[in-house]
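Trainee: sequence first, predicted coordinates after that:
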Amino acid sequence: MKIGIDIRVLMDKQYSGISEYTANLLAAILRQDKSTDYRLFYNSWENLSSKLEKWQGSNSRLIGTHIPNKLFNYLLQKIFKWPRLDQVLGGVDLFWSPHFNFTSLSSVKSGLKKIITVHDLSFLRYGEFFSWRKNFWHRALGIKKSLREATMIVAVSENTKNDLVELVGIPADKIRVIYAGNNIVVRTIKREEQADFLRRYQFQGQFILYLGNIEPRKNIVGLIAAYDNLRRSDQLGKKRLGDLKLILAGANGWKNRQIYQAWNNSPYRDDIKFLGYVNQADREILYSLASVFAYPSFYEGFGFPPLEALSYGLPVVCSNISSLPEIVGKAALTVNPFRIEQITEALELVLTDETLRQNLIREGYQRVQLFSWDKTATEYLKLFKSLS
């Protein structure tokens, strides 16, 4: 069997979310399956051979084009429907797209099977959270048409499957739910690493951690409001709260002016720190140092950061909507993200109730055992085989 895989998301300079998903899953698939002929399609105007060579193996071949992305996407793929990516790969039996992209393929009549992985449909559920450029991109992709033409769709959660049925009208029997793995392999963080990290980012003391893109969907404005309420509260005492900081780690997204306004207007703005994008090593140090992980997002298709935090024994407060309750189970305190007082109360409980903290930590260690990239890869390989 010859399988084509679109690895264009692996061209990203900084991996997060879907690029991490694709890299981890592809590595697990190639590790488990040595008999299938995998052909990996990429496109890059730059020479990325040093970045891509790791994917070249005994049964995996890199085949790509070197065309500027905008020209390749909007002109060639969108308008001219050329080149057919399965044909660029020399003809394949199945083509898997791990994310939406401009993708011209041969018709189903040719016998080609098509699989698309859907991580979330936030752009359909909450279009107001996205910039006009992002919304234009999603419309230009023709996502609904692509989904209806796919042979099978992989949803990363039951919540995403439900959205596919409700918002796009995809038949439930055409969707396979396959949970993602856990991006974090827990390692022992040395004290010298922690000290060096704190020197580089110039903060110390206990802190609440948020990790993710700085964008409206993540409800960072609500988190800042909850932090402000917590700092105003006398229930913990000023001494306990005096050095409590809020650390917001993640790359800038879009439509984040209100987020920075909320920070600027906070009476505790000096104790709220934006770190920007952090690499995996620094991310792990943050998890090891934080007092609580806060993720009151309005919508998640899966939600890697809470799972990563649980892996490091970090108590989690997250939303009780979309996919998050499905992923964290009983291992986190879940709150209504539209109710600031609930976020405040949950953070306060985790910071003050040691019995609760230990229960959450224990549940978290058990919960993360349910998610691994080897399990995810095994389910994908079963799906590939069922379509052969």
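Mentor: Yep, that arrived.
Trainee: and the strands in this structure?
Mentor: Per DSSP state E, the chain carries strands over the ranges 2-6, 37-43, 60-65, 94-97, 113-118, 152-155, 175-177, 207-211, 245-249, 272-276, 292-295, 316-319, 333-335.
Trainee: what's the most buried one of those?
Mentor: strand 316-319 (a mean of 28; mean count of other C-beta atoms under 10 Å). Bear in mind the C-beta positions are built from the backbone N, C-alpha and C, glycine included.
Trainee: coming back round to it: of the strands of the chain, which is nearest Glu379?
Mentor: strand 175-177 (7.7 Å; C-beta to C-beta).
Trainee: quick revisit: take the strands of the chain and write them to TSV, including mean pLDDT and distance to Ile343.
Mentor: Output for the strands of the chain, formatted as TSV (pLDDT from 0 to 100; distance: least, C-beta to C-beta, whole Å):
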stretch	mean pLDDT	distance to Ile343
strand 2-6	98	38
strand 37-43	98	41
strand 60-65	96	45
strand 94-97	98	36
strand 113-118	98	28
strand 152-155	98	28
strand 175-177	98	29
strand 207-211	97	10
strand 245-249	97	12
strand 272-276	96	15
strand 292-295	98	7
strand 316-319	98	7
strand 333-335	98	5
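Trainee: next one: Asn252 from Leu387, what distance?
Mentor: 40 Å (C-beta to C-beta, to the nearest Å).
Trainee: lowest confidence element among the helices and strands of this structure?
Mentor: Averaged element by element with mean pLDDT, DSSP states H and E, the chain has its least confident helix or strand at helix 238-241 (a mean of 54).
Trainee: how about the spatially closest residue to Asp374 that is not a sequence neighbour, what does it touch?
Mentor: Nearest residue to Asp374 in three dimensions, chain neighbours excluded: Ala28, at 5.5 Å (C-beta to C-beta, 6 or more residues apart in numbering). Applying C-beta atoms under 8 Å, 6 or more residues apart in numbering, we find Ala28 in contact with Gly181, Trp373, Asp374, Thr376, Ala377.
Trainee: swap the cut-off to 6 Å and go again
Mentor: Residues near Ala28 by C-beta atoms under 6 Å, 6 or more residues apart in numbering: Trp373, Asp374, Ala377.
Trainee: Ile361 versus Leu333, what's the distance?
Mentor: From Leu333 to Ile361 the distance is 12 Å (C-beta to C-beta).
Trainee: ugh, wrong one, I meant Gln204
Mentor: 23 Å.
Trainee: between these two, which is the more surrounded one?
Mentor: Set Gln204 next to Ile361 and count neighbours by other C-beta atoms under 10 Å: Ile361 wins out with 16 against 12.
Trainee: hang on, isn't Leu89 packed against Ile63?
Mentor: Yes. Using C-beta atoms under 6 Å, Leu89 makes contact with Ile63 at a distance of 5.4 Å.
Trainee: no further questions, thank you.
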